[in-house]
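Trainee: The following comprises the amino acid sequence and a computationally predicted model.
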Amino acid sequence: DAGVIQSPRHEVTEMGQEVTLRCKPISGHNSLFWYRQTMMRGLELLIYFNNNVPIDDSGMPEDRFSAKMPNASFSTLKIQPSEPRDSAVYFCASRGMGEAFFGQGTRLTVV
Amino acid sequence: GESVGLHLPTLSVQEGDNSIINCAYSNSASDYFIWYKQESGKGPQFIIDIRSNMDKRQGQRVTVLLNKTVKHLSLQIAATQPGDSAVYFCAESPGDYKYIFGTGTRLKVLA
């Protein structure tokens, strides 16, 4: 398996624009997580899906953030409109019965 | 995927020496603990885990110790190598899907 695949690896966008981050979890994993990593706050859980259903979105900062998982092999995290304070590295992780596996992350810069 | 903050604790060790990275966790209900390694530009990578019914677990060159009395976790790396240089995170899981990550420790291996 290629592991958790995220795209794009880097994204630079202007404030106010819509940003969509993509994730392909490991096949067979039924849990998917979106995390955000910043220097100030470390790794924060944004949202958790189980069997494609959002279970806990309490970490989503505000209404500008939304996430979907239309099927077991794909998830998106959307920010609309984006703001400079959204600049961070966003990680997707998936988990089966054991530990969570992380993707390489998307480094988002909002200017 | 830079993961460091300006005030990230740093441990410097000589190549070939043993490393001990410590972590205090907060939730006495946590029953699953994980160590992750994060290299620059990459996502966190699983190293080793331990459940609360154990106090020690060994892997290849790594050992995790758990002291539930004082809510302390440690990661020991034997014969530290340059490739071990990274940021190390502990994470606790309070019986559900969530991983609560610590702030991380940067390990520098000196040649």
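Mentor: Arrived safely, thanks for sending. Residues are numbered from 1 along each chain as shown, chains lettered A, B, ... in the order given.
Trainee: Can you name the residue of chain A nearest to chain B?
Mentor: When scored by CB to the nearest CB, chain A has residue A:102 as its residue closest to chain B, at 3.5 Å. C-beta coordinates here come from the backbone N, C-alpha and C atoms, glycine included.
Trainee: so where is chain A shaky, pLDDT-wise?
Mentor: Applying pLDDT under 70 to chain A picks out residues A:1.
Trainee: who in it is up against chain B?
Mentor: A:4, A:31, A:33, A:37, A:39-40, A:42-43, A:45, A:48, A:50, A:55-56, A:89, A:91, A:93, A:95, A:98-105, A:107 (CB under 8 Å from any CB of the partner chain).
Trainee: Skipping adjacent residues, who's closest to the one residue in chain B that gets nearest to chain A in space?
Mentor: At 3.5 Å from chain A, residue B:43 is the closest residue in chain B, using CB to the nearest CB. Of all residues not flanking residue B:43 in the chain, residue A:102 sits nearest, at 3.5 Å (CB to CB, 6 or more residues apart in numbering or on different chains).
Trainee: can I assume that neighbour is in contact with residue A:4?
Mentor: Yes - the criterion here is CB atoms under 8 Å, and residue A:102 meets it with residue A:4 at 6.2 Å.
Trainee: between these two, what contacts are shared?
Mentor: A:92, A:93, B:43 (CB atoms under 8 Å, 6 or more residues apart in numbering or on different chains).
Trainee: Can you list the strands that the lowest-mean-pLDDT helix or strand in chain B pairs with?
Mentor: One helix or strand of chain B scores below all others by mean pLDDT, DSSP states H and E: strand B:100-101, with a mean of 89. Strand B:100-101 pairs in its sheet with strand B:86-93 (antiparallel), by DSSP bridges.
Trainee: where do the strands sit along chain A?
Mentor: Taking DSSP state E, the strands of chain A run over residues A:5-7, A:10-13, A:19-24, A:31-38, A:42-50, A:53-56, A:65-71, A:74-79, A:88-95, A:100-102, A:106-110.
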